[in-house]
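In: predicted model, plus sequence, below.
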Amino acid sequence: MGIMSKIVGGGGQHTTDEYLDLDVEGVEASRGDAGMSVRIATIGGRQDVIDIKDAVYDGDLVIADITRHTTSDDTMKRIVDELRQVAEEVDGDIAQKGDDQIIVAPTDVAVAREKLN
């Protein structure tokens, strides 16, 4: 379906109404040909990890909102360990951005640790 499809997050299903389509000419036609999509998720609990793992195994990059947890939370530590294992299994990457996001990248995708500006 692609990035503008329904996204499953921590509080249930989110619709495409939450995302602003910028109407870039020609993008709609090429979206179906993309080998990788960027998926957005919210981690509310351990059950949300299943959808994230499936997306990474399918070759998608996932940006997960973790604001519902503190990084010292035991549940969050287990979640990060599970996601780290997935990243290792697919030869991808995982990084945490601040206290609010985790980025899990699929095979052959690295998350740069330096900001662009």
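Out: That came in fine, so what should we check first? The structure presented is a predicted model; accordingly, all values stated were derived computationally and were not measured.

In: Ile94 touches Val111, doesn't it?
Out: Yes. Using CB atoms under 8 Å, Ile94 makes contact with Val111 at a distance of 7.3 Å. From N, CA and C alone the C-beta is placed, and that goes for glycine too.

In: residues shared between the contacts of the two?
Out: Contact criterion CB atoms under 8 Å, 6 or more residues apart in numbering; residues shared by Ile94 and Val111: 103, 105.

In: which stretches of the protein form strands?
Out: 7-9, 12-14, 38-42, 61-65, 93-97, 101-105 (DSSP state E).

In: so where's the chain uncertain?
Out: Judged by pLDDT under 70, the chain has its weakly predicted residues at 1-19, 21, 23-34, 69-72.

In: pull the longest helix from it.
Out: helix 74-89 (DSSP state H).

In: what's it packed up against?
Out: helix 48-57, strand 93-97, strand 101-105 (3 or more CB pairs under 8 Å, 6 or more residues apart in numbering; DSSP states H and E).

In: most tightly surrounded among those?
Out: Per residue and on average, the most neighbours among the helices and strands packed on helix 74-89 fall to strand 101-105, with a mean of 21 (mean count of other CB atoms under 10 Å).

In: as CSV, could you dump the C-alpha coordinates of it?
Out: The C-alpha coordinates for strand 101-105 follow below in CSV (Å, rounded to 0.1, in the frame of the first residue of the first chain):
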residue,chain,number,x,y,z
GLN,A,101,11.8,7.9,18.6
ILE,A,102,13.4,4.7,17.6
ILE,A,103,14.4,4.1,14.0
VAL,A,104,14.7,0.5,12.8
ALA,A,105,16.2,0.1,9.4
